[in-house]
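1. sequence below, structure please.
(chains A and B)
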Amino acid sequence: MDEHPQGARGGGPSHRSVEIGVALFTAAFALIVVAGSVQAGVGWGAEGPKAGFFPFYVALVILGSSIINFGAVISRRSGDRLFAEWGQLGQVMAMLVPTAIYVALVPWIGIYVASVLLIAVFMRWLGRYGWGMIAAVAVGVPVVTFVIFEKWFLVPLPKGPIEEFLGF
Amino acid sequence: MEEIANLFHGFAVVIQPFNLLVMLVGIMLGVIIGVLPGLGGANGVAILLPLTFSMSPTSAIIMLSCIYWGALFGGAITSVLFNIPGEPWSVATTFDGHPMAQQGRAGEALTAAFTSSFVGALFAVILITLLAPLVAKFALQFGPAEKFGVYFLAFCSFVGMSKEPPFKTVASMMIGFALAAVGLDSVTGQLRLTFGFTELLNGFDFLIAVIGLFGIGEILLTIEEGLSFKGGAAGINPKVVFKTWAELPRYWMTSLRSCVIGCWMGISPAGATPASFMSYGIAKRVSKHGERFGRGEIEGVVAPETAAHAAGTSALLPMLSLGVPGSPTAAVLLGGLLIWGLQPGPLLFVEQKEFVWGLIASMYLGNVVGLLVVLTCVPLFAAILRIPFGIIAPIILMFCAIGAYSVHNSTFDIVMMLVFGVIGYVLKKCNYPLAPLVLAIVLGDKAEEAFRQSLLSSQGSLGIFFSNGLVSSIMALGLIALFWPLIQEAFTRLRTRPAL
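-> Prediction:
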């Protein structure tokens, strides 16, 4: 099991396994599109090609390319390259998880309050700033954004209970 | 002659105070977008698109296209000063630009980069002014089969010219077409591929895809690579500028060649990035000082920057005259046209003269303004780059979310943006090109419509695509573009055989 000859700081998923995953994913996607197209009808109707006609053939091409891409990965000599080190993926997750929570929060507490929390969390976690600095940036940026979008350009963005309480 | 009159009319539109203001704001925002990691031309324009909903289409396109010019300029700043290309097309600029900065010649490198960008853009705009009306007039005769032929040609060139494995390009492109097909079928009015989810009724909006794939995906890549900005000092003073300008005319040949390469690559949808690399490579091979390239040769800055800007600008030519964008950013601009209620394509030149010529005139003026702005404000923009990633990353994320939400006022779109972001991160790392995916989402419905209308008129026979000289030659060009790598290989083999 020599999965990580680069070996710097611990291993990580090999590039090869991720590529195989992507090929399988595109193939699965193609099958879903095939199923959907068949539902909509792939033949000829009264008004020419039916709704599923075009996506059906598109899906067949995706399926074909997925198989070829899959074959190309398999036939290559075993993976000597890492997709990314675990540490790097940890960094990515440290970014992704708070963002996912942020996205989930937006419909409930509005985009401005959620942004205050997002910026504060990032500045504390990644930047390790003091609370004074965090408060200034995390509150200041969304407030400026609020003025630009809601007041100048009249683009309404999602708002939550706190904005309602303040009367906006 | 009529074009000259139209152009002057366009200038009259552009120099209205509001439009000039919008232009300046656009350029400044664009440079900031170009400087910041994770925000590029395409998703920067996509995020700011909602701000233009309340403007007139002409002011809106001036602002958005100026953001694009600004982003093109901005990419060079980070390449030269920090060795971090702000945009993919400025990678080649780092080769000689950053060594020059290390030798304390940053001002010289930046002046050369900006001036070359300007020259490249100017060349492309003149080309657009002269060619676009002719191409549009010609394209007015196109029927559905010819229209499909043009789309076919555009997508085939992607496969043939891409440096990624061809079947990865095909897979990525076709996924785009499949995503475009989701929702209401525009021909029959039937629902398809929604599997009962009401969120999918309107299909996938390409703006969401652009913000996710390019914005979120890029931030994830940046954080994975771990950023550390170690920048050279950014001093530009008038003396350096004039000294460099005096030196630049010596490289007129490199400049001209790069303009031609750039325009060619920009019109065929190969894009600015390959154009900059190709131009750098050829300049290195042809130059008398080729061996000094990579160690801070000013010619090595001139070549890629000229080509990248020429390509980025000329990508608007097919967008305006045929409705086929030459780059992801051009695709976003095209999406903007649809939102403002304009129908992109050759008819634009007939029905929306003020809009088209206002845009073309703004390209001239926007690039002059852009050159002045970047020459005078480099220290300011470099300071933005010194803002730590811990602060700038969540702010970029917030703007991506705002951009995604305000396309349809839907929070579900923010979720989709994040999903596209993760997909973009993985696909990019596995060498699947993202530009064809985005272009296919934009053009999918139109390509399908043209395809089905042609088949309808031919009772289902594919022969319609070879039924007359015009459509046959477009399709033949497409096939040549598709198999270009194979043709090239066969060609070199034939040539080398006699020598053996």
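
2. the residue lying closest to B:Val302 once chain neighbours are set aside: what secondary structure?
-> Closest residue to B:Val302 apart from its sequence neighbours, by Cβ to Cβ, 6 or more residues apart in numbering or on different chains: B:Ser116 at 4.6 Å. To be clear about C-beta, it is placed using only N, CA and C from the backbone, and glycine gets the same treatment. At B:Ser116 the chain is in helix, as set by DSSP: H, G, I helix; E, B strand; the rest coil.

3. so B:Ser116 touches B:Ala310, yeah?
-> No: B:Ser116 lies out of contact with B:Ala310 (Cβ atoms under 8 Å); the separation is 9.6 Å.

4. who touches both of these two?
-> Shared contacts of B:Ser116 and B:Ala310, defined by Cβ atoms under 8 Å, 6 or more residues apart in numbering or on different chains, comprise B:Ser258.

5. got the residue ranges for the strands in chain B?
-> B:183-184, B:191-192 (DSSP state E).

6. domains for chain A, by residue range?
-> The domain map for chain A lists A:15-75, A:86-166, with the assignment taken from automatic domain parsing.

7. quick check: which of these is nearest to chain B?
-> Closest approach to chain B among those (Cβ to the nearest Cβ): domain A:86-166, 2.8 Å.

8. show me the contacts for the residue nearest to the spatial centre of chain A.
-> The C-alpha lying nearest the average C-alpha coordinate of chain A belongs to A:Leu96 (Cα atoms, centre = their mean; 8.3 Å). Going by Cβ under 8 Å, 6+ apart, A:Leu96 touches B:Leu220, B:Val422.

9. go again with 10 Å.
-> A:Leu89, B:Ile216, B:Ile219, B:Leu220, B:Ile223, B:Leu418, B:Gly421, B:Val422, B:Tyr425 (Cβ atoms under 10 Å, 6 or more residues apart in numbering or on different chains).

10. swap in B:Ala113?
-> B:73, B:75-77, B:79-80, B:90, B:93, B:96-97, B:100, B:244, B:298, B:301-302, B:304-306, B:308-309, B:374.

11. rewinding a little: give me the more crowded residue out of B:Ser116 and B:Ala310.
-> B:Ala310 (35 against 30; other Cβ atoms under 10 Å in any protein chain shown).

12. for the more buried one, which non-adjacent residue is closest in space?
-> Closest to B:Ala310 by Cβ to Cβ, 6+ apart is B:Gly262, at 2.7 Å.

13. in stretch B:340-347, what's buried?
-> B:Trp340, B:Leu342, B:Pro344, B:Gly345, B:Pro346 (16 or more other Cβ atoms under 10 Å in any protein chain shown).

14. okay, now the residue of chain B found nearest chain A: neighbour count?
-> Of all residues in chain B, B:Gly390 sits closest to chain A, with a separation of 2.8 Å (Cβ to the nearest Cβ). The burial count assigned to B:Gly390 is 17, neighbours taken as other Cβ under 10 Å.

15. didn't it look like it was pressed against A:Ala138?
-> No: with contacts counted by Cβ atoms under 10 Å, B:Gly390 stays clear of A:Ala138, the gap being 11.5 Å.

16. among the contacts of B:Ala113, which ones are in helices?
-> B:73, B:75-77, B:79-80, B:93, B:96-97, B:100, B:244, B:301-302, B:304-306, B:308-309, B:374 (DSSP state H).

17. what residues does the residue nearest to B:Thr194 when sequence neighbours are not counted make contact with?
-> Sequence neighbours aside, B:Leu200 is the residue nearest to B:Thr194 in space, at 4.2 Å (criterion: Cβ to Cβ, 6+ apart). Counting by Cβ under 10 Å, 6+ apart, B:Leu200 touches B:Val182, B:Gly183, B:Leu191, B:Arg192, B:Leu193, B:Thr194, B:Phe412, B:Met416.

18. and the closest residue to the last one other than its chain neighbours, how many neighbours?
-> Right, B:Met416. Among residues not flanking B:Met416 along the chain, B:Ile208 sits closest, at 5.1 Å (Cβ to Cβ, 6+ apart). Neighbour count of B:Ile208, defined by other Cβ under 10 Å: 26.

19. kindly state the pLDDT recorded for B:Ile208?
-> For B:Ile208, the pLDDT comes out at 89.

20. now do the contacts for it.
-> Contacts for B:Ile208 (Cβ under 10 Å, 6+ apart) come out as B:46, B:400, B:403-405, B:407-408, B:410, B:412-417, B:419-420, B:441.

21. swap the cut-off to 8 Å and go again
-> B:Ala404, B:Val407, B:Asp413, B:Met416, B:Met417, B:Phe420.

22. just B:Gly160 next, same as before
-> B:Pro166, B:Ile480, B:Ala481, B:Leu482, B:Phe483, B:Trp484, B:Pro485.

23. from the contacts of B:Ile208, which one has the minimum pLDDT?
-> Note: of the contacts of B:Ile208, the lowest pLDDT belongs to B:Val407, at 83.

24. for that residue, which non-adjacent residue is spatially closest?
-> Using Cβ to Cβ, 6+ apart, the closest residue to B:Val407 is B:Leu207 (4.9 Å).

25. again with A:Gly127
-> Excluding its sequence neighbours, the residue lying closest to A:Gly127 (Cβ to Cβ, 6+ apart) is B:Gly390, at 2.8 Å.

26. again, but for B:Val13
-> That would be B:Gly358: by Cβ to Cβ, 6+ apart, it lies 4.0 Å from B:Val13.

27. can you give me the neighbour number for that neighbour?
-> Every residue meeting other Cβ under 10 Å relative to B:Gly358 is counted, giving 26.

28. got it, and the one 5 residues further on?
-> By other Cβ under 10 Å, 26 other residues sit near B:Met363.

29. ok, B:Asn237 next?
-> Counted with other Cβ under 10 Å, B:Asn237 comes out at 9.

30. spit out the contact partners of it.
-> By Cβ under 8 Å, 6+ apart, B:Asn237 lies in contact with B:Gly107.

31. for B:Thr306, give its distance to B:Phe123.
-> From B:Thr306 across to B:Phe123, the span is 8 Å (Cβ to Cβ, to the nearest Å).
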